[in-house]
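> Got a predicted structure plus its sequence, pasted below:
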Amino acid sequence: MTAPALRPGDRLASTACATRVIVVRAPGAERPEIACGGSPMVTPSAETPAPPSEGDAATVIGKRYVNAGETVELLCTSSGAGELTCDGVPMALKAAKPLPASD
């Protein structure tokens, strides 16, 4: 099964935990599979509540996650216990950019 094309602004929800994200950056022609907790993420529907989160959060609300090549960037809008992956590879927490010195 081919993963759907990602576009900036797309919302995705985990089927394994309460994690929800918004796509900030997506590759043009590639179709990476975004998963959380081992299950592919889906487009959330208004009537489907998020599963309850159990244990410590692996994804943190307000943080950005990127794949190894930084071609995919996701903004977490709801914390959850599952780990975000892109094509089976764990995504990393994006480091904050240093601000220029103000002398």
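Sure, I can see it.

> If you drop the residues flanking it in sequence, what lies closest to Glu83?
Among residues not flanking Glu83 along the chain, Ala58 sits closest, at 4.8 Å (Cβ to Cβ, 6 or more residues apart in numbering). Where you see a C-beta, it was placed from the backbone N, CA and C, and this is true even at glycine.

> Just give me the neighbour total for the one you found.
Burial of Ala58 is recorded as 17 neighbouring residues (other Cβ atoms under 10 Å).

> Repeat that for Ile61.
By other Cβ under 10 Å, 14 other residues sit near Ile61.

> ditto for Asn67
21.

> Let me see the contact set for it.
Contacts here follow Cβ atoms under 8 Å, 6 or more residues apart in numbering; on that basis Asn67 touches Pro32, Cys86, Asp87, Val89, Met91, Ala92.

> Now it: phi and psi?
phi -80, psi 180 (degrees, to the nearest 10).

> and what of Leu12?
According to degrees, to the nearest 10, Leu12 has phi -130, psi 150.

> Just to check, Ala81 is in contact with Cys17?
Yes: assessed by Cβ atoms under 8 Å, Ala81 is found in contact with Cys17 at 4.5 Å.

> who's more crowded, those two?
The neighbour comparison of Ala81 against Cys17 (other Cβ under 10 Å) goes to Cys17, with 25 against 20.

> Quick check: phi and psi at that one.
Taking degrees, to the nearest 10 as the convention, Cys17 sits at phi -150, psi -170.

> residues touching Ala58, list them.
Neighbours of Ala58 in contact, by Cβ under 8 Å, 6+ apart: Thr19, Gly80, Ala81, Gly82, Glu83, Leu84.

> hmm, which two among the residues you listed are most spread apart?
The distance between the two most remote of these (Cβ to Cβ) is 11.4 Å, for Ala81 and Leu84.

> Perfect, that will be all.
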